[in-house]
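> Let's see this in three dimensions:
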Amino acid sequence: MPAYCSSYGCKNRRTTENTSRGLTFHKFPKEKKMKKKWEIAVRRKNFTATESSVLCSEHFEPKDFDRTGQIVRLREGVIPSLFNFPSRPQKPAATTRTTKNSRKAEESIPEKPSQPAQPSQPAQPSQPSQPSQPSQPLPKSEPLPNVDHSYALPDSPALLKARLSEALARVESLERERHNAKAREQRAKKTVQTLLEDLKKKNLINEELKGKLHFYSDLQLDLLSKQGHEYTKDQREFALTLHLYGPKAYNYLRESLNLPLPHPHTLQRWTPSTDST
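Residues are numbered from 1 along each chain as shown. This next block holds a predicted model:
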């Protein structure tokens, strides 16, 4: 049978659901003095704890627990201190007197005239505006419109169109920046050093060829000259070396990765000039 918490008004009991959410239950101490302190702290009339009486962990402060082991235990000398006791009923407010003498005493007390009512005194001619002073403040339900904020729509359609155009231009500018950043990232990934590592993993080049091409590790292949432009000396030497010692790697870069490497026929035209240098 599940053990219920002995605290007044607490409905917690030892179940699998409560245990899974971290709720623990602790028996009353066996030592008589400490057990008596727990019973007094519970504040239940004529309550005497039994061997099966427990209190749940909601009635103890976090510092009262020892969680160093696998089982959550209470520290020595701990007394429960967190309870939700019902508040004491307040004494009823004094009612009207019902005795004969008290009624006579109340009737004999003259009533205090209300402060604002003074009909016998005529209004002073020099102060005609005093009765209307309380109605001077403006009503709070009609605030003045404020169009200075950025979220306020302008009154003119032309201004609204201009603001919309500015927003669209800003969006277009941000889109260009994003595209350029992505392009820079792609260019950074197309350096010779990165491609050499990729070719080595695919067994398209060996360590000897990788060492020969390491001199061109800072060369960016996406900057290779395209149609109508001249290739630089480093670009020519890199293309000739790679095609000579690793033709499969060369074709892989041109055909699979679509890098702007020169056509092999172009390399044949470069070979005599390279040999002559």
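> contacts, neighbours, all on C-alpha from now
Fine.
> Next, work out how far apart residue 264 and residue 175 are.
Noted for residue 264: a distance of 39 Å to residue 175, by C-alpha to C-alpha, to the nearest Å.
> Looking at those two, which is more packed in?
Set side by side, residue 264 and residue 175 show more neighbours around residue 264, with 15 against 12, by other C-alpha atoms under 10 Å.
> Give me the neighbour count for residue 246.
By other C-alpha under 10 Å, 18 other residues sit near residue 246.
> What strand or helix carries the closest residue to it other than its chain neighbours?
Ranked by C-alpha to C-alpha, 6 or more residues apart in numbering and with sequence neighbours excluded, the top spatial neighbour of residue 246 is residue 205, at 6.1 Å. Following DSSP states H and E, there is no helix or strand that holds residue 205.
> ok, now which ones touch residue 205?
199, 246, 249 (C-alpha atoms under 8 Å, 6 or more residues apart in numbering).
> Kindly reformat the residues you listed as TSV and extend each row with pLDDT.
Converted to TSV, the contacts of residue 205 look like this (pLDDT from 0 to 100):
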residue	pLDDT
199	84
246	87
249	87
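> all helices for the chain, in order.
16-20, 32-42, 100-108, 157-189, 192-201, 207-213, 233-245, 247-251, 264-276 (DSSP state H).
> looking at those, which one has the lowest mean pLDDT?
Across these, helix 100-108 has the smallest mean pLDDT, namely a mean of 61.
> In contact with residue 58, which residues are there?
23, 82.
> Could you check the pLDDT of it?
The confidence metric pLDDT takes the value 92 at residue 58.
> begin at 44 from here
All set: I'll call the first residue 44, so the last point we hit is now residue 101.
> what's the spacing between it and residue 116?
Residue 101 is 14 Å from residue 116, by C-alpha to C-alpha.
> gap between the residue nearest to residue 289 and residue 241?
Going from residue 248 to residue 241 by C-alpha to C-alpha gives 10 Å.
> joint contacts of the two?
Joint contacts of residue 248 and residue 241 (C-alpha under 8 Å, 6+ apart) do not exist.
> residues near the nearest residue to residue 66 once chain neighbours are set aside, how many?
Spatial nearest neighbour of residue 66, chain neighbours left out: residue 100 (6.1 Å); criterion: C-alpha to C-alpha, 6+ apart. For residue 100, the count of nearby residues is 21 (other C-alpha under 10 Å).
> what sits against residue 100?
66-69.
> Could you chop this protein up by domain?
44-128, 232-319 (automatic domain parsing).
> Make JSON lines from those domains and add distance to residue 223 to it.
JSON lines is the format used below for the domains of the chain (distance: least, C-alpha to C-alpha, whole Å):
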{"stretch": "domain 44-128", "distance to residue 223": "51"}
{"stretch": "domain 232-319", "distance to residue 223": "14"}
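> Residue 222: which of those domains is closest?
domain 232-319 (15.5 Å; C-alpha to C-alpha).
> And the helices of the chain: which comes nearest residue 301?
Closest to residue 301 of those, according to C-alpha to C-alpha: helix 290-294, at 9.6 Å.
> That closest one: which residues count as buried?
290, 292-294 (16 or more other C-alpha atoms under 10 Å).
> now swap in stretch 53-70 and tell me
Using 16+ other C-alpha under 10 Å as the test for burial, stretch 53-70 gives 55-57, 66-68, 70.
> List just the nearest of the residues you listed to residue 127.
Using C-alpha to C-alpha, the buried residues of stretch 53-70 come closest to residue 127 at residue 55, 13.4 Å.
> Run through the residues that contact that closest one.
Residues in contact with residue 55 (C-alpha under 8 Å, 6+ apart) are 47-48, 61, 99.
> ok, 10 Å please
Contact analysis of residue 55 by C-alpha atoms under 10 Å, 6 or more residues apart in numbering lists 45-49, 61, 66-68, 98-101.
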